[in-house]
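S.K.: Build the 3D model from these lines:
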Amino acid sequence: MVNIENIKQLAIDKGCEVKENEPMSRYTTFKIGGAAQLLVSVPNISALKAILKLCDKEQIPVFLLGKGSNLLVSDKGIEGVVIKLEGDFKQITLVEDDTVYCGAGVSLARLCRFALDNGLSGLEFAWGIPGSAGGAAYMNAGAYGGEMKDVLISCNHVTKSGEFGTLSGDELKLSYRHSAYAENGSIITGISVRLHKDSKAEINRRMDDYMQRRKDKQPLEYPSAGSVFKRPEGYFAGALIQDSGLKGAAVGGAMVSPKHAGFIINTGGARCGDVLSLIEHIKKTVNDKFGVELECEVKPVGIL
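M.R.: This next block holds a predicted model:
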């Protein structure tokens, strides 16, 4: 394991909360994952830039943790520094009548409520997605016919070497479950979204409708990382898995949800290896039966 005592001391000096060998199972919606070598909760841009610069110089790996809703963390944990954005990164501001700026650490739920409170429509599709604003921009999150691409106008970020920057418009390279940040390695620090005015009653009605649909169709009562596979062109992953007879299929504590075949749930004590084995079984079975290759959208992280 790399020596990161100097990172630890810098983080403390910069007012960060630092935890060593912190179990990642506490921070992911899957409730799976070994220990992070160093978990650093960063309160402001100055601290973030300093830590990233030193990590870059010392060649220490860095991983940004959002709400942990799309992650499968290795049982062996994560080497190096895991960063959580706190403090200034959890602020939301109404910049103009129709434009909201929010820190990357803000939950999507809180951002949606802020939009509702200000009579702004466009984010209803995100109500119920258990991620952060930064994570949603990073992967162009979407549901029910909407996606971040529809409202996102720019992202602020800090590069791996600790330099501040901004991407906007086409520079964001937004496509299905993808953005420029999946390639450039920079950390999103804040996002700007442009919405439109509507009645609070109508916005609230749509939010309630989407939430009820989630509750009816998704296994929200179990730990999971949401939809496991990207939607194959011309198909629905959940339908292919169901039609392959895989509902209820299990490896260890990991199971294909009997409620929605697009989800893998942790029925208790599931390990990363259980989930990975089940994913491979699903991919092979669907490919053998339908000739369709499923692509995983849950991100494996950590020491393999």
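
S.K.: Next up, the contacts around A182.
M.R.: Going by C-beta atoms under 8 Å, 6 or more residues apart in numbering, A182 touches 138-139. Any C-beta I mention is one placed from the backbone N, CA and C, and that applies to glycine too.

S.K.: any idea which helix or strand carries it?
M.R.: Taking DSSP states H and E as the criterion, A182 maps to helix 181-184.

S.K.: For that helix, list the C-alpha coordinates in PDB.
M.R.: Extracted in PDB, the C-alpha atoms of helix 181-184 (Å, rounded to 0.1, in the frame of the first residue of the first chain):
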ATOM      1  CA  TYR A 181     -15.700  13.500 -17.200                       C
ATOM      2  CA  ALA A 182     -15.800   9.800 -17.700                       C
ATOM      3  CA  GLU A 183     -12.700  10.300 -19.800                       C
ATOM      4  CA  ASN A 184     -10.800  13.400 -18.400                       C
END
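
S.K.: avg pLDDT for that helix?
M.R.: Mean pLDDT, helix 181-184: 94.

S.K.: May I see the buried residues of it?
M.R.: In terms of neighbour count (16 or more other C-beta atoms under 10 Å), helix 181-184 has its buried residues at Y181.

S.K.: Report the distance from it to the chain centre.
M.R.: 14 Å (C-alpha atoms, centre = their mean, to the nearest Å).

S.K.: what do you get for stretch 111-122?
M.R.: That offset, for stretch 111-122, works out to 21 Å (C-alpha atoms, centre = their mean).

S.K.: Now do it: distance from first to last residue.
M.R.: 11 Å (C-alpha to C-alpha, to the nearest Å).

S.K.: which parts of it are buried?
M.R.: 111-112, 114-116, 118-122.

S.K.: now do stretch 37-57
M.R.: For stretch 37-57, by 16+ other C-beta under 10 Å, it's 37-45, 47-55.

S.K.: domains of this structure?
M.R.: The chain breaks down into these domains under automatic domain parsing: 5-87, 91-202, 219-301.

S.K.: between these, which gets nearest to R213?
M.R.: domain 91-202 (7.2 Å; C-beta to C-beta).

S.K.: How far off centre is that closest one?
M.R.: 12 Å.

S.K.: what about this protein, any weak spots by pLDDT?
M.R.: For the chain, the stretches with pLDDT under 70 are 1-2.

S.K.: what secondary structure does D208 sit in?
M.R.: Following DSSP: H, G, I helix; E, B strand; the rest coil, the label given to D208 is helix.

S.K.: Next, work out how far apart V286 and Q242 are.
M.R.: To Q242, V286 is 10 Å away according to C-beta to C-beta, to the nearest Å.

S.K.: So between these two, which is more surrounded?
M.R.: Between V286 and Q242, counting by other C-beta atoms under 10 Å, V286 is the more crowded of the two (22 against 16).

S.K.: mind listing what that one touches?
M.R.: So V286 contacts 240-241, 244, 246, 292, 294 (C-beta under 8 Å, 6+ apart).
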